[in-house]
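Chemist: One predicted model, sequence on top.
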Amino acid sequence: MSSVAILSPGYPDVPGGVTDHTGRLAASWEASGHQVNVIGGIAHDPTAAAERLAQQRVEALLIQYVPFLYGRRGVSAFPERIAKAAAALGVRVTVFVHEPWVPPTRPAWVVLSPIQRRQLRHLLACSDACVTAVPAWGELLDAQAELVYVGNTLGELPADVPSEPDLPAPVVFSPFASGLNWPWITEAAAAIGTPPGLMVIGADAPAARAHHVVRRWFTPSWDWAGRLPAENVIRLLARARLVLAPFVDGVSGRRTSVAAALSVGAKTLTSTGPLFDQAFTESPLAIAKTGKQFVQRAAELWNAKDPADDRRVRLDWYRRHLDPQTLDAHLLSIMTAAQ
């Protein structure tokens with residue numbers, strides 16, 4: 001068994017997909033007998049942090065990378081500095097690129113994008129391995145990035161949870177997710193027309209009204225279920241008659257909200273886009289290419305009666321392709337260079 005570490009800024013207090021992923025990795029690896037150290041604060045000196053890893057005989061370090069984890073503008077030398085310090089002490093360094101850099105689509109991002117790109121490439125140059133959950137991002141990186149999906153980070157569905165009765169409205173989970181296509185969701189909810197129109201898991205009404213994107217589409221009559229414990233989310237998704245999850249850039253391995261829905265066999269409608277992962281073409285997801293198609297399919301799927309084995313088919317696909325234990329073991333083997 002080995003001793004490994006994870007650099008995950010904000011862990012465990014800052015909510016988000018990376019924090020959830022770090023929590024699952026730590027629990028999974030500890031359960032398999034490994035010692036896991038998590039560095040959640042980045043205010044301390046990277047050299048001192050690396051020396052503590054050496055004292056704990058850490059063999060491998062995983063750096064969870066999203067540029068904005070390391071500063072308000074996503075520009076920071078901290079990841080590179082700790083990677084170099086760890087490598088100098090004989091610690092093998094792997095970078096998990098959850099998001100690489102911002103696209104130059106806004107005035108400020110025209111400046112930030114090349115800086116973040118250079119920053120990440122410097123980090124990868126002094127690391128031993130790189131992984132990402134999005135095939136399109138692997139193609140952008142000047143490194144041999146291995147594909148490792150994130151999958152569901154909410155935990156397993158308890159055995160005693162029923163899938164019936166159905167919830168009275170289609171479900172949106174994680175409403176503030178980057179790139180979630182709210183215009184499509186709003187039109188689909190109107191086309192389905194079932195009061196209260198939508199159940200939104202992950203935000204209450206005040207938070208939705210205050211959000212810079214969601215407030216444009218806020219509808220008071222929807223069921224704003226709020227931020228719930230992971231087990232409660234899973235219990236609701238298990239009863240969802242339809243989950244709406246369209247993304248502007250297309251569903252990919254990083255979309256843990258889609259993975260959570262698949263993990264309970266929920267019927268899920270998503271979308272294509274620039275980051276669409278072709279592996280999902282053969283999945284049991286319902287996939288729309290346009291807004292018009294999304295709205296039409298949402299109404300059709302809501303009104304259609306599922307064959308008896310549809311949920312089992314979705315669950316079987318999920319277990320084959322997105323099983324968390326398999327994903328976590330594969331990532332650990334990359335980190336430790338296991339043969």
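Modeler: Now that the structure is in, tell me what you want to look at.

Chemist: Quick one: list the elements packing against the helix or strand bottoming out on mean pLDDT in the chain.
Modeler: Ranked by mean pLDDT, DSSP states H and E, the weakest helix or strand in the chain is helix 46-55, scoring a mean of 85. For helix 46-55, the helices and strands in contact under the criterion 3 or more Cβ pairs under 8 Å, 6 or more residues apart in numbering; DSSP states H and E are helix 78-88. C-betas here are computed from N, CA, C, even on glycine.

Chemist: next structured bit after the helix it packs on?
Modeler: Note on helix 78-88: by DSSP states H and E, the next helix or strand toward the C-terminus is strand 92-97.

Chemist: in the helix or strand following that following strand, what counts as buried?
Modeler: Proceeding N to C from strand 92-97, the next assigned helix or strand is helix 107-125, under DSSP H and E. By neighbour count on 16 or more other Cβ atoms under 10 Å, the buried set for helix 107-125 is Trp109, Leu112, Ser113, Gln116, Arg117, Gln119, Leu120, Leu123, Leu124.

Chemist: do the same with stretch 171-180
Modeler: Within stretch 171-180, the residues that count as buried by 16+ other Cβ under 10 Å are Val171, Val172, Phe173, Ser174, Pro175, Ala177, Leu180.

Chemist: same question, stretch 80-90
Modeler: For stretch 80-90, the buried set under the neighbour-count rule, 16+ other Cβ under 10 Å, comprises Glu80, Arg81, Ile82, Ala83, Lys84, Ala85, Ala86, Ala87.

Chemist: got those residues as JSON lines, with pLDDT and distance to Trp317 columns?
Modeler: Shown next, in JSON lines, are these (pLDDT from 0 to 100; distance: Cβ to Cβ, whole Å):
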{"residue": "Glu80", "pLDDT": "95", "distance to Trp317": "39"}
{"residue": "Arg81", "pLDDT": "94", "distance to Trp317": "42"}
{"residue": "Ile82", "pLDDT": "94", "distance to Trp317": "38"}
{"residue": "Ala83", "pLDDT": "95", "distance to Trp317": "36"}
{"residue": "Lys84", "pLDDT": "95", "distance to Trp317": "41"}
{"residue": "Ala85", "pLDDT": "93", "distance to Trp317": "42"}
{"residue": "Ala86", "pLDDT": "93", "distance to Trp317": "38"}
{"residue": "Ala87", "pLDDT": "93", "distance to Trp317": "39"}
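
Chemist: quick one: low-confidence parts of the stretch 51-200 of the chain?
Modeler: Scanning the stretch 51-200 of the chain for pLDDT under 70 picks out no residues.

Chemist: 90 instead, please
Modeler: Filtered on pLDDT under 90, the stretch 51-200 of the chain yields the residue ranges 51-56, 71-72, 103-106, 139-144, 156-164, 178, 194-196.

Chemist: The stretch 151-300 of the chain: helices as residue ranges?
Modeler: Per DSSP state H, counting those that start in this stretch, the stretch 151-300 of the chain carries helices over the ranges 182-192, 205-210, 230-238, 256-263, 291-303.

Chemist: So which residues make contact with the second one?
Modeler: The contact list for helix 205-210 (Cβ atoms under 8 Å, 6 or more residues apart in numbering) reads Pro175, Val200, Val214, Arg215, Phe218, Pro220, Trp224, Gly226, Arg227.

Chemist: By neighbour count, which of those residues wins?
Modeler: Ranked by neighbour count (other Cβ atoms under 10 Å), the contacts of helix 205-210 have Val200 at the top, with 27 neighbours.

Chemist: Look up how far Leu322 lies from that residue.
Modeler: Distance, Val200 to Leu322, using Cβ to Cβ, to the nearest Å: 24 Å.

Chemist: again with Arg81
Modeler: Where Leu322 is concerned, Arg81 sits at a distance of 34 Å (Cβ to Cβ).

Chemist: Kindly report the same for Ser252.
Modeler: 12 Å.

Chemist: Between the two, which is the more surrounded one?
Modeler: Counting neighbours by other Cβ under 10 Å for Ser252 and for Leu322 shows that Ser252 has the greater number, 25 against 20.

Chemist: unless I'm mixing things up, the more buried one is touching Pro274, no?
Modeler: No - using Cβ atoms under 8 Å, Ser252 makes no contact with Pro274, being 9.7 Å away.

Chemist: any residues in contact with both of these two?
Modeler: Shared contacts of Ser252 and Pro274, counting by Cβ under 8 Å, 6+ apart, come down to Ala136.

Chemist: Alright, calling it a day.
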